[in-house]
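> The amino acid sequence is not available; the structure is as follows:
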């Protein structure tokens, strides 16, 4: 168990709307988000001593600019001692949070700015994105030659889960509807029109049993957050968002090597994080579960202990995860409705978790939210990452 | 415009015996002589006990479908002409080791989880034959 419980906090967040902005350079999304996060924390920009950008997928040139300190220079941050990229695909946010926390706890850093920006909505064509995601995180020797890609990866997990549990198309669709209910209240979400179960189950089949409206879409976007010590945080903001627990399990590289593609490492990762926090699923006011496709939200929800295996579909269908429901889940609308911005899909969810706990979530604010579990996962669901965050240290 | 060429396996040196055998329609996998466990895909050391004593052994080619999907749209460019095609994870008779493959030799809609299948080899180009699986003979 780490020594990080209650030692650091998120004090500022920033995010630009997710969408298609062909005229806007990706760096803008990062800088705008970073500026917002610095102002949100109420700090002087020169207090930032560590800039931690994550990776962008769409352009090697832009990625190089992130690595070579463009954010620090453009924002005029005068006291940055390190600019260091942390990249773990879709789990970059959660991995970076733990690394940032450790750096602060050790004294190596005092005020860390984490930034993500990407341009997957207009930086690549639709077919270009499909081709990119038929090789990224997919083994060039053992899987690429068989026509594997992300829809197929997801479909393989969905198929086995449905086979083992009896979960139906309607249950999967209910996850999409639940996320949309939240996105309707989220000004930064791309998809904000109401969605019905019928629309989802009648949408085009991609890879059986996965349908088009059960699939995230790629967009441009950016988000940022600032981490500092708990002590400093209390001087800065009314409600610091403390890191209470962290867990993670790296399960595979080649998808087919994962022995249980309908569970992965979530139960173990969740146990680690909850034990460190001294809390359980029953204590959580929010379940901010990484989606990208409904099956992964269902698996996460169940394996973290919010219900028994096979029951999540009914819970989503009954509206218990909706605004006003018993256990609000993925309250920014997730990648299924806010939209997927590469590594930023998980950054958006971590920023949303902090936003809810800070009480800054506007129309979709969950009243009196104190504790939240937040998850992230990279590539072909190869790592299960869990954070417990809260406004109190239990 | 011609469809892009099919991607060929990017072969790691230690896996070359697998692909050489596949070209001759022989299906071999590794086995650890220390812990006795079967290994796929080929590794430089046993992933179970980290022994260097791994040997190549013939596999029966019999397996069951662990999970599968029929790719009906949005395939990678090189596979668009193949749609609908079946991507599956199969579990080999040898220790339940898993591999990704395509299920061929039947209608895509006839594939099921846990159905028995057997290996066949499909010519990819002059250098490669890919092991794929078809429904097992009764």
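In hand now; what should we look at? Nothing here was measured: the structure is a model prediction, and the numbers come from that model.
> Buried residues, stretch B:84-95. List them.
B:84, B:85, B:86, B:87, B:88, B:89, B:90, B:91, B:92, B:94 (16 or more other Cβ atoms under 10 Å in any protein chain shown). Backbone N, C-alpha and C define where each C-beta goes, glycine included.
> quick one: which of these is nearest residue A:127?
Nearest to residue A:127 among those: residue B:85, at 17.1 Å, using Cβ to Cβ.
> Tell me the bridge partners for that closest one.
Applying DSSP bridges to residue B:85 gives these bridge partners: residue B:71.
> give me the number of residues near residue 5?
No chain specified, so I'll use chain A. Using other Cβ atoms under 10 Å in any protein chain shown, residue A:5 has 20 neighbouring residues.
> To clarify, I was referring to chain B.
By other Cβ under 10 Å, neighbour count at residue B:5 equals 10.
> Contact partners for it?
residue B:78 (Cβ atoms under 8 Å, 6 or more residues apart in numbering or on different chains).
> Distance of it relative to residue A:126?
To residue A:126, residue B:5 is 21 Å away according to Cβ to Cβ, to the nearest Å.
> got it, and residue A:371?
As defined by Cβ to Cβ, residue A:371 lies at a distance of 39 Å from residue A:126.
> Which one's more surrounded, those two?
For residue A:371 against residue A:126, the residue with the higher neighbour count under other Cβ under 10 Å is residue A:371, and the figures read 20 against 11.
> Flag every residue of the stretch 201-350 of chain A that's near chain B.
With Cβ under 8 Å from any Cβ of the partner chain as the criterion, the stretch 201-350 of chain A meets chain B at residues A:204-210, A:254-259, A:261.
> Determine which two of those are furthest apart.
By the measure Cβ to Cβ, A:204 and A:259 form the most distant pair in these, at 31.7 Å.
> of the two, who's got more company?
For residue A:204 and residue A:259, the more surrounded residue by other Cβ under 10 Å is residue A:259, and the numbers stand at 14 against 11.
> So for residue A:131, what pLDDT did the model give?
Looking at residue A:131, its pLDDT is 89.
> Near chain A, which residues of chain B are found?
Near chain A, when you scan chain B using Cβ under 8 Å from any Cβ, you find B:6-12, B:15, B:41, B:66-79, B:82, B:85, B:87-89, B:98-102, B:113, B:124, B:128, B:130.
> Just give the nearest non-adjacent residue to residue 30, would you?
Just going to use chain A. Closest residue in space to residue A:30, ignoring its immediate chain neighbours: residue A:117 at 3.2 Å, by Cβ to Cβ, 6 or more residues apart in numbering or on different chains.
> not quite, I wanted chain B
Counting by Cβ to Cβ, 6+ apart, the nearest residue to residue B:30 once its immediate chain neighbours are dropped is residue B:39, at 4.0 Å.
> List the residues that contact the one you found.
B:29, B:30, B:31, B:32, B:46, B:47, B:48, B:54, B:97.
> quick one, phi/psi of it?
Main-chain dihedrals, residue B:39, degrees, to the nearest 10: phi -130, psi 130.
> so what pLDDT did it get?
97.
> Which residue ranges of chain B form helices?
Taking DSSP state H to define them, one finds helices in chain B at B:16-23.
> shaky segments in it?
Applying pLDDT under 70 to chain B flags residues B:1-2.
> doesn't the residue nearest to residue A:30 fall inside a strand?
Yes. With DSSP: H, G, I helix; E, B strand; the rest coil as the criterion, residue A:117 is assigned to a strand.
> distance of it from residue A:82?
Here the criterion is Cβ to Cβ. By it, residue A:117 lies 19 Å from residue A:82.
> Of the two, give the one with the bigger neighbour count.
residue A:117 (33 against 14).
> ok, the more buried one - contacts?
A:26-31, A:33, A:56, A:62, A:66, A:221-222, A:344.
> again, but for residue B:79
Residues in contact with residue B:79, defined by Cβ under 8 Å, 6+ apart, are A:147, B:6, B:71, B:85.
> Put the buried members of those into a PyMOL selection.
To isolate the buried ones among the contacts of residue B:79 in PyMOL, judged by 16+ other Cβ under 10 Å, type:
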select buried, (chain A and resi 147) or (chain B and resi 6+71+85)
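> Show me where the chain has its strands.
Using chain A here. Here chain A has its strands, by DSSP state E, at A:8-15, A:50-53, A:82-83, A:111-119, A:205-207, A:210-211, A:220-229, A:241-250, A:286-288, A:371-376, A:383-390.
> right idea, wrong chain: chain B
B:28-32, B:38-39, B:54-58, B:62-71, B:85-92, B:98-103, B:116-123, B:129-135.
> Tabulate the ones you listed in TSV, adding columns for distance to residue A:157.
Compiled in TSV, those are given as follows (distance: least, Cβ to Cβ, whole Å):
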stretch	distance to residue A:157
strand B:28-32	24
strand B:38-39	24
strand B:54-58	29
strand B:62-71	7
strand B:85-92	10
strand B:98-103	13
strand B:116-123	20
strand B:129-135	19
